[in-house]
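Undergrad: When you get a sec, could you give me coordinates for this:
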Amino acid sequence: MKSLQNLRYQQNFRSLPNAFYQDTLPQGLDTPELVIFSKACAQLLHLDPASLTEKESLQMLSGQTLHDAWRPLAMRYFGHQFGYLNPELGDGRGVLLADVVTPKGEHWDLHLKGSGTTDFSRDGDGRAVLRSSIREFLCSEAMAALNVPTTRALSIVTSDTLVQREAIEKAAMLMRVAKTHIRFGHFEFAYHSKDQTLLNSLCDHVAQRHFPDIFGHAQQNETLFKRICEATGHLLATWQCLGFAHGVMNTDNMSIIGDTFDYGPYGFMERFKPSFICNGSDHQGRYAFDRQPAIGQWNLSVLAQAFSPIVEKKALNAGLLAYSETFNSCFIAGMRAKLGLQADSNNETDQALVMDTFKMLERCNFDYSNFFRQLSEINVDETLSQLRNDALDLKVFEAWQAKYKARLENETYSLRERSTQMKRCNPKYILRNYLAQNAIEKAQQGDYSEIKKLHQVLTKPFDEQPEHAAYAASAPEWATNQSVSCSS
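TA: Numbers count the residues shown, from 1 in each chain. Below you'll find the predicted structure:
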């Protein structure tokens, strides 16, 4: 294990044509203070977590000093934002510092978010604030613990630097760690540049680094598009099974390797509501929970257009079909696991049971995560009896219960085995918005104990953790399905 000063660094993004970036130095924070760091994320980098508390590390995490091997840059890309193309995008408040090369040969990007203005800041100040940094840190690490493909967060640093938002707030920086920061919007920029060499360079770069088994093959670009579609299908199915709403599924927020990217307004559903909108700025509901799979398809169609100069239409359509097939298969498999169904069954029968489950959850006003966790207990009859007591619509619940119990008769494994396996995919602890808000409010007063405690609970979401049971409680009524703004 090493310190930040002693890791091995490269800057592979610079192998792309310089049209994709601008050299940009971070603007350091005044009087930086370390708020929190992730031991698990540090270990991915083969970084000694204890070294992050050292003065030299704090200076690097706050943008005050740079490693000699860091060559920071701001990436350039386009994006469809709420369905409309925006050609004036890029890293407006962050810089890509370098990528860490681990002893295993893995590459991890280091991206300093909140590092000041860049050529792409438009009229912004390029800063992040403590509340938004806390939300991204907590959700990045919570999603990783939930086995969801995601970017990671190494640390948060706060400061005496002040910025204007709805009120005057302290600026903060988050060190984001990711296998890549390339998103759909990079391909859109290459396409709209009308320079096919940019598109070819980008495809080669992505294939070589992230899909090496297809790099240089005759059908490299066709296969690359399909792989991106499949990865996106898997990601969206995982979100839907967990009840997670991203909130801003613009194409510049879509990772080309299928990682959850850019945590702005997001939310885990509390009471089940298919039309749940977690983004208070999404007045038309474009990115509502139940629309996410369709938006994934729409975003991939935009990516298909970007690939169209170098990939034939037939192959692009095959890739889009692969998205649908991957999403459908992963989603039904994930929901069958959540319901504790293992035995082979008619696929349409289980699909119908899943849809009936969603209708029942909405009519009965159940907490989505807590319902499935409670259903995971060993004594099925006792659990169903308890759930019945909480159901708002007894008729609907009883009809669903009869179908569910009849389906369970096809299962042959023991109740204990069923319970164990269900608890591996039905978390007890999720990042509820009100829990994040409680941690934020304390942190804004200089008390970081709650964010650290919540972080530790969320790193073991499938464990019982009886001493932290209060963190599994449904949100109070005022916070149920709460939405947040883009500035959150």
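
Undergrad: Could I get the full set of strands for the stretch 1-150 of the chain?
TA: Ranges of strands within the stretch 1-150 of the chain are 9-10, 21-23, 33-37, 73-81, 84-90, 94-101, 107-113, 128-129, based on DSSP state E, counting those that start in this stretch.

Undergrad: Out of the ones you listed, the one nearest Asn426 is which?
TA: The minimum distance between Asn426 and those falls on strand 33-37, with 27.2 Å, by C-beta to C-beta. Any C-beta I mention is one placed from the backbone N, CA and C, and that applies to glycine too.

Undergrad: thinking again about what came up before, could you export the strands of the stretch 1-150 of the chain to JSON lines, including columns for mean neighbour count, mean pLDDT and distance to Arg373?
TA: Compiled in JSON lines, the strands of the stretch 1-150 of the chain are given as follows (neighbours: other C-beta atoms under 10 Å; pLDDT from 0 to 100; distance: least, C-beta to C-beta, whole Å):
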{"stretch": "strand 9-10", "mean neighbour count": "15", "mean pLDDT": "96", "distance to Arg373": "42"}
{"stretch": "strand 21-23", "mean neighbour count": "18", "mean pLDDT": "97", "distance to Arg373": "45"}
{"stretch": "strand 33-37", "mean neighbour count": "20", "mean pLDDT": "97", "distance to Arg373": "27"}
{"stretch": "strand 73-81", "mean neighbour count": "22", "mean pLDDT": "97", "distance to Arg373": "36"}
{"stretch": "strand 84-90", "mean neighbour count": "16", "mean pLDDT": "94", "distance to Arg373": "40"}
{"stretch": "strand 94-101", "mean neighbour count": "24", "mean pLDDT": "97", "distance to Arg373": "36"}
{"stretch": "strand 107-113", "mean neighbour count": "22", "mean pLDDT": "98", "distance to Arg373": "32"}
{"stretch": "strand 128-129", "mean neighbour count": "22", "mean pLDDT": "94", "distance to Arg373": "33"}
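
Undergrad: give me every residue that touches Ala322.
TA: Listed by C-beta atoms under 8 Å, 6 or more residues apart in numbering, the contact set of Ala322 reads Lys226, Cys229, Glu230, Gly233.

Undergrad: Now it: which helix or strand?
TA: helix 313-338 (DSSP states H and E).

Undergrad: what's the next helix or strand after that helix in contact with?
TA: Later in the chain than helix 313-338, the nearest helix or strand by DSSP H and E is helix 347-364. Helix 347-364 is contacted from outside by 272-274, 332, 335-336, 339, 341, 366, 368, 371, 390-393, 396-397, 399-400, 403-404, 407, using C-beta under 8 Å, 6+ apart.

Undergrad: swap the cut-off to 6 Å and go again
TA: Identification of contacts with helix 347-364 by C-beta atoms under 6 Å, 6 or more residues apart in numbering yields Phe272, Ile332, Met335, Arg336, Ala391, Leu392, Asp393, Val396, Phe397, Trp400, Arg407.

Undergrad: Can I get the buried part of the residues you listed as one PyMOL selection?
TA: For the buried members of the contacts of helix 347-364, the matching PyMOL selection, counting by 16 or more other C-beta atoms under 10 Å, is:
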select buried, resi 272+332+335+336+391+396+397+400+407
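
Undergrad: Go through the contacts of helix 347-364 and name the one nearest Ala245.
TA: Of those, the one sitting nearest to Ala245 (C-beta to C-beta) turns out to be Phe272, at 12.2 Å.

Undergrad: Do I have it right that that closest one meets Ser369?
TA: No. Under the criterion of C-beta atoms under 6 Å, Phe272 makes no contact with Ser369, lying 9.6 Å away.

Undergrad: How many neighbouring residues does Phe261 have?
TA: 25 (other C-beta atoms under 10 Å).

Undergrad: Thought Ser255 was touching it, still the case?
TA: Yes. When contacts are counted by C-beta under 6 Å, Phe261 is listed as touching Ser255 (4.3 Å).
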